[in-house]
Structures are given as C-alpha cells and as structure tokens.
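Enquirer: sharing a model that was predicted from the sequence below.
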Amino acid sequence: MAMTGIDLPPVRPRTGLQRPGALRRLVSDYGQELVVLTAIVALFIVVTMVNPRFISTNNLTSIFAGNAYIAVAAIGMSMVIITGHIDVSVGALIGVLATISGTLAVAGYPVWVAWFAPVLVGMAINSVIGVLVAYARIPSIVVTLGALSILRGGLISVTGGTWISGLPPEFLIAQKRLLGLPVPIIAMVVLTILAALWMRYSAFGRSLYAIGGNPEAALATGIPTERRTVAVFAIHGAFAGLATILFATQLQVIQSTVPPNLELTVITASVIGGVSILGGTGTVIGSTLATILFATIGSALIFVNVSAYWLRAVIGLLILATVLADMLRRRGRA
Amino acid sequence: MTVKSIFRHETLLALLLVAVLIVLSFQSDRFFTVSNLLNQGRLMTEIGLIAIAMTFVIATGGIDLSVGSILGLTAILTGVFWQNVGMPLAVAACAAIAVGSFAGFCNGLIITRFNVPPLIATLATLALYRGLAEGISQARSVRGYPEWFYVLGQGEVLGVPTQLWILLLAAVLASIILAYTRWGRTVYAIGSNEVASRFSGLSVEHTKLALYTASGFAAALAGVIFVSRVSTTRSDMGTGIELDAITAVVLGGTSIFGGRGTILGTVIGLCLIQALKNGLSLAGVKGDGTIMLIGAVLILAILASNLFERSGTR
C-alpha cells in the first residue's frame, strides 16, 4: 500500500476550541452511531416489556444471522459513499454472484472455489465500474444505473429464472456455527471491526475521507484520487462477494432473484448509520448498527402484533424520523 | 452552458434513434406499422409522464426516487376510495391524485425545510409510501371498474391512444415552461449554482417545493392511467419505475448534477428505450437481453457525450 506520509487532520470537526473530553469526543465522532445504538437499546427494552419472548436467544440469532449479508454489503457501500460516490447496482451484482457461486458448487468444484469466485468476480466487475467513474468521468449513479440493467438483464437471460438446487451441504456455510454462534454473525462483527479500524487508522482509509470531503484538495495533497476511486469500487465488490456467500448459503436453494430494492436497503443502512451522502463523513460501524436496527424493527413489529402488511410503512416512518433527527442534531451543532 | 452543447447531445441521440428505427424495421415487418407504434406510445406514457417531471427535478440537481411508490399508493387509493369508501370513481381518482401530489409536496417540505439531501429524503419516502400502499391494500386487489374508466388507459381518441394525448400535452407544456418561462430558467439557475441563485433573489425554496409536488402529481396521474390500462390495482405497481425514468432523463442529456437538460432530450431518450424494448422483442430477443442493451446504451451515450464535450469547450 502506498503511504502518502501526510498526516491528515481528523475529518469530523471538533465542537470546542480546547481539546474536548473523552465523552464529548466520542459523541462528536460517533454522534449518529450513538443515536442508532440508543434506538436499538430502547426498542429492545420496550418490545421485551410487551412480549418477553422477543429477547430469547433463538429469536435474536435468527434476526441477526438473516440480515448479516446486508450489513456486510453495507460496509463496502459505506466506503464508496464516503469517497463521494454511490452504487445502485449492488443488489443485481449479489444476484449474479450468487448464481455463479451456486453453479460452481453444484458442478462439483471444491467449495473454497465456489466461495472465492464471487469475491474475485465482484472485484473484477466493480473495477470496471470504478474505471468508468474515475477515468471516463461518468457520474457513478449513471454508471451503476447502467450496470444495474446489464447485470439484472444478463442474470435472467442466462439463468432463465430457474433456481439452483442440490447444493452440497458443506457449501452452506451460513447455516454453520462457530463457537456456538452462527457464522454470519461472526462474519458481520469481524468484518465490521476490521473495516472500521482500517478506515480510521490506515493511510488508505483516511485518504478516502479526504477524497470524499474535497477531491481537488485531496489531489493537491498528492493522493492519487483516480486510482483510489478504482480501488474503493474493487473493495466494495469484494464485500459484495462476501455478502453473497452469506446470502447464497442461507437456504438449500439459490433463487435467481434477490429481494427487490436490495440496493436501496443497503444504501439506506449506510446513510442511516451516519454516512453523509455528500461524502467525507461516516463510519462502517454506523452502517452495521443501522442494519441491526432495521432487522430489530422488522422482528419487533411482529412481536407486538403489528400486521405484516403495515411493516414497511412503519419502517419507512422510522427511517424518516431518524433522518430528520440527524438533520436537527446537525443544525443544532452548526 | 451554450445552446450548441445542448443540441450536440440531442442531435446525436436523434440520429441514434433513427438508426435504431431503421435497423429494427428491417428486423421485423410488424415493427414499423402505425398500430404497433401507437401501441408502444400507450406503454410509454406512464414512464414518460414521470420522466418529464423528473427532468425538472434533476435539472435543479435533485432526484426523486419515491415516484414508483407514489404511483403504487395512488393506484391502491383509487380502488379503495371507489370500492371501500364508496366515492364515485371520478371523484375517487381525483382524490387519489390529490393524495399523490400531497406525497410529493411532503418530499419537497422535507427537502427544503429540513435540508435533507433529495436522494435520502426520497429514499425514505420510497419505503414509507410503498409501505402505506401495502398496508392500505392488505394484499387485496380491486377489479371490475365501469367501462368508461378504461377509455383512459385502453381507449382511443381520434385514432390515437388516449394517454398518448396526455403525454403529448404534458411534453409540449413542459418544454415551453422549461425553455421560455422565468420559472423554467430558475430551474436551470438552481441546478447550476444554488447559492448564487439564492443571492440573486430567486425563490429557490418555492421552486423546489413546486417541482417535487409536480413530480408527485405526475406519478399519481401515471398511477391512475396504469390502473385503467391493466384493469386492476396492486400494491406493488410501479416498483422500480423510478430507475427507468431516471435512465430516460439521463440518456436524454440532462446532467445528473443539474443545470442542463431539455424535455426534447428526455422524450427522445424515452422513444429510444421503448423502440429498443419493442423492436428487439419482435426480433426474437428476450426482454432481459433488451434490459442489458439499455444499460449499455446509457453508459455509452454518456461516455460519447462526455468525449464530445471535452474536445469542445473544456
């Protein structure tokens, strides 16, 4: 990794002139993350009082394990948005990668090949997107809108919409447990921590904040913004590949469709977690917490007997409330 | 922004459209017939209405992702107001359109009053409005509308599909407003430099509020036409239509950063997409292959226009 040797200033503005205390620094650095965390804790307390079965281990592990792939995809998405770009094609990409992985597994290739293929192919496809964004200077929303059509159309025309079944049992890693915990939960936690440390302390991670905050200034300080942009899309592709492994090995079959609007769910997780859509701020911890919040809300509504038909409306309302709260908080600070 | 740069992209696109039409008419005898082309116009109207309003929104540097959900909500409300509330159908449809426009107005309020970036605001309302549609419909569909209602989506006026007249009227009106009125110029000014527009005394907030309301109205109108065309209501109507509309707008040369774009470009973009969809399916290519091609055309068109622009002014 190329070290720039330049000490970048902290990206989040400090509130006071003198060095703030540890608590204030935590609040100013992780404001939105704390809001989301508080919401999760409050939700847990309220729902458990209404229905104590909510807190049972079975329910909790199924909530978190089933949504871990969204959190993993949101890590890469957060990095892309922090760099000042966006990707609306990640849902279609996960669908394509899942089909590739499943096809390899059924064809009798060793399972590690079936697991590695989506990561590599994801990196390759997203590198092309990154090149078009960085060097051809096409806005990322346009490139990924086109990629969305190409990937979605390509997937259906190749598979014809059939499901892949007969997956070998050892391929289904998302159903396995390690140290008593489901693998997806472990993967989500470990990947989030590693990515968070890397984004905060590595020169590469800091440079992404610099590019997102002010691309011209970043270029002037000697950061190779074009190469970094391609790299961040490639890394995002690798996380999409990892998310695919968790997604594709959940069930005994792989459908050739992904949940509708999956890309928007992933983007929403990043944004609610505190990643500014304008680039330059936010952390991957926030996006994982936001994924957990959505999953908790979804499960909680069932436990307090809200009709399943109203689920999305309530989730939408809560997303809106979080966004407005964040805006009011920022206004109060400014 | 020069007049020349606008015409360059649109001329390029129009030439591409002509080429596509010629190639496709050689591929299938049924393509270049009046009845087929009129029928394609019928299928194009819903996306078209939304794309025309979206052109204004994107020209200010904004975006509206909630239009598909507003379409679904309006469709459901039309059915519910008529069958469950017992309003006359005409009143029910107007009331549903009013709610859809109000949904757009709420988008505008969130964006202007709370300074939420349009992408996030409409991402949140996308979930909210679709959720309301699902909650209100409870997965029931409403059918059995009176015969006169189908004139809107399935009938003809002077030999041309009814909704195509609406689309034509909307396109002409929108072109005049965007190109020749003070209000239309304000849209470009906001997209080019919002801060400067504000300091120039332009009513940035009011303009945006009106635009997002108009976008909601267009989506709502498209919703009622959709119901009339397919004779039923479902809560998942219009899912993903926002990306189709944005594709048409961007293909038509409107800059995603704002400040540039025309209705003519959007209409040509729409026609190109619809011609590709229809012509290729007649030539035996499956619908999914067509989607791939549209994605490739989108990227290549912007790439080509970027290259031309760079060799020109910059």
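Expert: Received the coordinates, thanks.
Enquirer: can you show me the strands along chain A?
Expert: A:177-178, A:181-182 (DSSP state E).
Enquirer: list of residues touching the last one?
Expert: Under the criterion Cβ atoms under 8 Å, 6 or more residues apart in numbering or on different chains, residues A:Thr61, A:Phe64, A:Ala65, A:Ala174, A:Gln175, A:Lys176 lie in contact with strand A:181-182. For the C-beta atoms, the positions are set from N, CA and C on the backbone; glycine is no exception.
Enquirer: measure the nearest residue to the fourth one once chain neighbours are set aside to chain B for me?
Expert: In space, not counting the residues next to it along the chain, A:Ala174 is nearest to A:Thr249; the distance is 4.1 Å by Cβ to Cβ, 6 or more residues apart in numbering or on different chains. A:Thr249 is 26 Å from chain B, where distance means Cβ to the nearest Cβ, to the nearest Å.
Enquirer: from what I can see A:Thr249 touches A:Pro168, true?
Expert: No - with contact defined as Cβ atoms under 8 Å, A:Thr249 does not count as touching A:Pro168 (10.5 Å).
Enquirer: for those two, indicate the residue with more neighbours.
Expert: Neighbour count, other Cβ atoms under 10 Å in any protein chain shown: between A:Thr249 and A:Pro168, A:Thr249 has more, with 26 against 13.
Enquirer: ramachandran angles for that one?
Expert: Backbone torsions for A:Thr249, taken as degrees, to the nearest 10, come to phi -100, psi 10.
Enquirer: up against chain A, what does the stretch 101-250 of chain B have?
Expert: Contact residues (Cβ under 8 Å from any Cβ of the partner chain) of the stretch 101-250 of chain B with chain A: B:110, B:114-117, B:119-121, B:123-132, B:134-135, B:137-139, B:239-240, B:243, B:246-247, B:250.
Enquirer: out of those residues, which are inside helices?
Expert: Judged by DSSP state H, these include B:110, B:119-121, B:123-132, B:134-135, B:137, B:243, B:246-247, B:250 as members of helices.
Enquirer: still on that earlier bit, going through the residues of the stretch 101-250 of chain B next to chain A, which ones are buried?
Expert: B:110, B:116-117, B:119-121, B:123-132, B:134-135, B:137, B:239, B:243, B:246-247, B:250 (16 or more other Cβ atoms under 10 Å in any protein chain shown).
Enquirer: B:Ala210: what's it in contact with?
Expert: B:Gly108.
Enquirer: contacts only, for residue 85.
Expert: Using chain A. Neighbour list for A:His85: A:Val133, A:Ser140, A:Thr229, A:Val232, A:Phe233, A:Gly279 [criterion: Cβ under 8 Å, 6+ apart].
Enquirer: please refer instead to chain B.
Expert: B:Ala92.
Enquirer: what about 7 Å?
Expert: Counting by Cβ atoms under 7 Å, 6 or more residues apart in numbering or on different chains, B:Val85 touches no other residue.
Enquirer: kindly indicate whether it is helix, strand or coil.
Expert: Put simply, B:Val85 is coil when judged by DSSP: H, G, I helix; E, B strand; the rest coil.
Enquirer: surely B:Lys208 touches B:Gly108?
Expert: Yes - judged on Cβ atoms under 7 Å, B:Lys208 makes contact with B:Gly108 at a distance of 6.0 Å.
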